[in-house]
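J.: Predicted coordinates and the sequence they were generated for:
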Amino acid sequence: MKPLSFIYWSRAALGCLTGVVTALLKIEDLPSLISMSILIYLVTYYLYKLKFVNKVKKPSSIVTTGIGAYFITWISTLILLYTLLYKPI
């Protein structure tokens, strides 16, 4: 698998995992939710930078690859699980 493909798909999966964790923690404060999500994304950036900086043409692509997939899967998973788990019946 190419490095950028790995980064993209792992960030998409990590977005889903972050959505599950934030839903299970039942964090209702929007700034805290966004901060946690951005913090996890930044951690992946530094980890991927250490591992893939010499394997990609443009090092700046490590920052942008998978950013949309990460945040879309995070917010979608968070909304879906939060609705299923905590919606009053």
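T.: Structure's in. What do you need?

J.: CA atoms for contacts and neighbours, from now on please.
T.: Noted.

J.: Residue 53: how many residues sit nearby?
T.: For residue 53, the neighbour count with other C-alpha atoms under 10 Å is 16.

J.: Find the nearest non-adjacent residue to it, please.
T.: In space, and not counting its chain neighbours, residue 53 is closest to residue 59: 5.7 Å by C-alpha to C-alpha, 6 or more residues apart in numbering.

J.: which residue is nearest the middle of the chain?
T.: The chain has residue 15 as the residue nearest its centroid, 3.1 Å off, counting by C-alpha atoms, centre = their mean.

J.: how about the helix or strand where it lies as PDB, C-alpha atoms only?
T.: For residue 15, the host element (DSSP states H and E) is helix 3-24. Output of helix 3-24 as PDB, limited to C-alpha atoms (Å, rounded to 0.1, in the frame of the first residue of the first chain):
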ATOM      1  CA  PRO A   3       2.100   5.800   2.100                       C
ATOM      2  CA  LEU A   4      -0.600   8.400   1.200                       C
ATOM      3  CA  SER A   5      -3.200   5.600   0.800                       C
ATOM      4  CA  PHE A   6      -2.300   4.200   4.200                       C
ATOM      5  CA  ILE A   7      -2.500   7.700   5.800                       C
ATOM      6  CA  TYR A   8      -5.900   8.400   4.200                       C
ATOM      7  CA  TRP A   9      -7.500   5.100   5.200                       C
ATOM      8  CA  SER A  10      -6.000   5.000   8.700                       C
ATOM      9  CA  ARG A  11      -7.300   8.500   9.300                       C
ATOM     10  CA  ALA A  12     -10.700   7.600   8.100                       C
ATOM     11  CA  ALA A  13     -10.700   4.600  10.500                       C
ATOM     12  CA  LEU A  14      -9.300   6.700  13.300                       C
ATOM     13  CA  GLY A  15     -12.100   9.300  12.700                       C
ATOM     14  CA  CYS A  16     -14.600   6.500  13.300                       C
ATOM     15  CA  LEU A  17     -12.800   5.400  16.400                       C
ATOM     16  CA  THR A  18     -12.600   8.900  17.700                       C
ATOM     17  CA  GLY A  19     -16.400   9.300  17.200                       C
ATOM     18  CA  VAL A  20     -17.000   6.100  19.100                       C
ATOM     19  CA  VAL A  21     -14.800   7.200  22.000                       C
ATOM     20  CA  THR A  22     -16.300  10.700  22.200                       C
ATOM     21  CA  ALA A  23     -19.900   9.300  22.100                       C
ATOM     22  CA  LEU A  24     -19.200   6.800  24.800                       C
END
